[in-house]
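In: sequence and predicted structure, then a few things I'm wondering about:
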Amino acid sequence: MNLSNGLTLSRLAAIPILMAVLILRFPNHDQIAAALFIVFSLTDTLDGQLARRRGTVSNFGKFLDPLADKLFVLSVLIVLVQEGLVAAWVVVVIFSRELIITILRSVGASQGQPIPAAPLGKTKTVTQMTAVTLLILQRPYAALGPIADVVVGVAIVFTIWSGLDYLWRFRYLIGPSDSNQVPPRPARTGPSGGAPEPEEDGAGLARELGEVLTRLKLTVAVAESCTGGLLGSWITDQPGSSSYFIGGIVAYADDVKRDQLGVPQALLGRVGAVSREVAAAMAEGVRGRLHSDLAASVTGIAGPDSDSSAKPVGLTYVGVASARGTSAIEFKFEGDRWSNRRQAATAALRLLLDEARSGDRSAARTT
C-alpha cells in the first residue's frame, strides 16, 4: 500500500457516503454531494501523477484505478436515475461502453497487449464528470437544467466516440484487418534459460531463421529505427545465435542513419526517414559495414503520434539486402506503439527467412 493506491481506495470508500448524501434530505445536501464528487474525481488524476513521480506504479494500482473510476461514476449515475435527475438510457450507454472496453482490455492483456488510455478516453472522462456535477446541482439550481442536458449530450457523444475509437484502433485483438498485419500472439512466457516458447510472437520465425542460417552457414545483421533493437533481441533470444548473428545498429536519429549506415543526407531530406528508399539504404549500409550475408532494416512510425510529416502512424518499411540484391516492402500496421513495433520486427523476420530460403533454392538450381 502506498499514497497513490490510498487515494484510489478513497474513491471506493467515498461511494456509499456520496450516495447517502444524494438520497438523504438536509440543508445543502446537493451542494455537498457535488463538492465531494469533484474532490474525489480529482484524486483520479492525482493518484496517477504521484505513482509515476515516486516510482510506485504497481499491478495492484493498475487494476484498482480503472475499477474505482467506473464504480465511482456509475454508482452516482444510478442514484441520479433513482432521483429522477437523469434518464436511465444514459447510464445504459455509459455502462455498455465501459463493459465493452473492459472486455477488450482483458483480451489485450491475455495477448500481452496492454491498452493505454487514449486522448478521447480522457476527454470522455472529463465530460462525464462535468455532466454528473451539473446533474447534481440542477436540483437546487434549476437554471442549470438546460446546461446539464447539453453537457450530458456531449458526454454521450464522447462516450460512444471514444468506445468506437478503441474498437477501431485495437481491432487486431479480435482479428487481423488486412494482409500486411501480423496477428499478435500470447504474451511471452519463455522456458528456463530465457529463450521464448515456439508459439510466441516472432519466436518461431526467429528459431526457423536460425536453423536455416546455420544450415546454409550464412550470417545476418540488422539496422533498426522504430523497433529500437527488438528485432536483434528476438534473433539473439535463440541459443547458438552467436554463430550467425553479426550485430545490429539502432539508428533512431537521422544523423546515425547517415553516419553509421551511410544513408545519404540528400535522400533523407528528399523522401524522409520513413520511406522505402531509406529502408533499402539502411539494409545495404548495415550489410556492407558489418560484412554479413543477409541484412534487414526497419523504419517506421510506431506511434502514438505521427512525425512532423503527413505520414500516418503504423506506416513501416522493412528492407532486406543480400547478394541477390536489395528490396523494401511497405506495411501499414494498426495498433498501439508496442504492437506496431512487434509487427514490424515479425515482418522483418519473415522477409529474412524468405530471402534465406530463396537464396538456398537459387543455389540449388545453379548446381
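Out: Cool, got the structure.
In: may I see the buried residues of whichever strand or helix holds residue 100?
Out: Counting by DSSP states H and E, the element that carries residue 100 is helix 88-110. By 16 or more other Cβ atoms under 10 Å, the buried positions in helix 88-110 come out as 90, 91, 93, 94, 95, 97, 98, 101, 104, 105, 108. From N, CA and C alone the C-beta is placed, and that goes for glycine too.
In: let me have those residues in a markdown table, extended by pLDDT.
Out: Listed next are those as a markdown table, based on pLDDT from 0 to 100:
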| residue | pLDDT |
| --- | --- |
| 90 | 92 |
| 91 | 92 |
| 93 | 94 |
| 94 | 92 |
| 95 | 91 |
| 97 | 91 |
| 98 | 87 |
| 101 | 85 |
| 104 | 82 |
| 105 | 75 |
| 108 | 68 |
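In: show me which of those residues is closest to residue 234.
Out: residue 108 (20.7 Å; Cβ to Cβ).
In: quick one: the strands in the stretch 251-367 of the chain?
Out: Using DSSP state E, counting those that start in this stretch, the strands of the stretch 251-367 of the chain run over 294-300, 315-322, 325-332.
In: what's the answer for the stretch 101-250 of the chain, then?
Out: So, for the stretch 101-250 of the chain - with DSSP E, counting those that start in this stretch - the strands run 220-224, 245-250.
In: can you list contacts of the helix or strand harbouring residue 71?
Out: Taking DSSP H and E as the criterion, residue 71 maps to helix 59-82. Outside helix 59-82, the residues that touch it by Cβ atoms under 8 Å, 6 or more residues apart in numbering are 4-5, 8-9, 11-12, 14-15, 18-19, 22-23, 37, 40-41, 44, 47-48, 51, 86-88, 90-91, 94-95, 98, 102, 105, 125, 128-129, 132, 135-136.
In: rounded mean pLDDT for it, please.
Out: Mean pLDDT, computed over helix 59-82, is 83.
In: and for stretch 5-17?
Out: 88.
In: chain center to it, what's the gap?
Out: 29 Å (Cα atoms, centre = their mean, to the nearest Å).
In: hmm, residue 29 is touching residue 21, no?
Out: Yes. If you go by Cβ atoms under 8 Å, residue 29 and residue 21 touch, sitting 5.4 Å apart.
In: counting contacts, what elements does the longest helix along the chain pack onto?
Out: With DSSP state H setting the assignment, residue counts place helix 337-366 as the longest helix in the chain. When contacts are defined as 3 or more Cβ pairs under 8 Å, 6 or more residues apart in numbering; DSSP states H and E, helix 337-366 packs onto helix 203-216, helix 230-236, strand 294-300, strand 315-322, strand 325-332.
In: so of the strands of the stretch 251-367 of the chain, which one's packed in deepest?
Out: Among these, strand 294-300 has the highest mean neighbour count (mean count of other Cβ atoms under 10 Å), at a mean of 30.
In: that one pairs with which strands, parallel or anti?
Out: The strands beside strand 294-300 in its sheet (DSSP bridges) come out as strand 220-224 (parallel), strand 315-322 (antiparallel).
In: most centrally placed residue in this protein?
Out: residue 336 (2.8 Å; Cα atoms, centre = their mean).
In: which parts of this structure belong to which domain?
Out: Split into domains by automatic domain parsing, the chain comes to 3-173, 203-366.
In: lowest average pLDDT across those domains?
Out: domain 3-173 (a mean of 85).
In: pretty sure residue 315 contacts residue 301?
Out: Yes. Using Cβ under 8 Å, residue 315 is in contact with residue 301, at 5.3 Å.
In: mutual contacts of these two, please.
Out: With Cβ under 8 Å, 6+ apart as the test, residue 315 and residue 301 both reach residue 274.
In: distance between the helix holding residue 71 and the chain's centre?
Out: Counting by Cα atoms, centre = their mean, helix 59-82 comes out at 24 Å from the chain centroid.
In: for it, buried residues please.
Out: Buried residues in helix 59-82 (16+ other Cβ under 10 Å): 61, 64-66, 68-70, 72-77, 79-81.
In: helices of the stretch 151-300 of the chain, residue ranges please.
Out: 203-216, 230-236, 254-261, 265-271, 276-290 (DSSP state H, counting those that start in this stretch).
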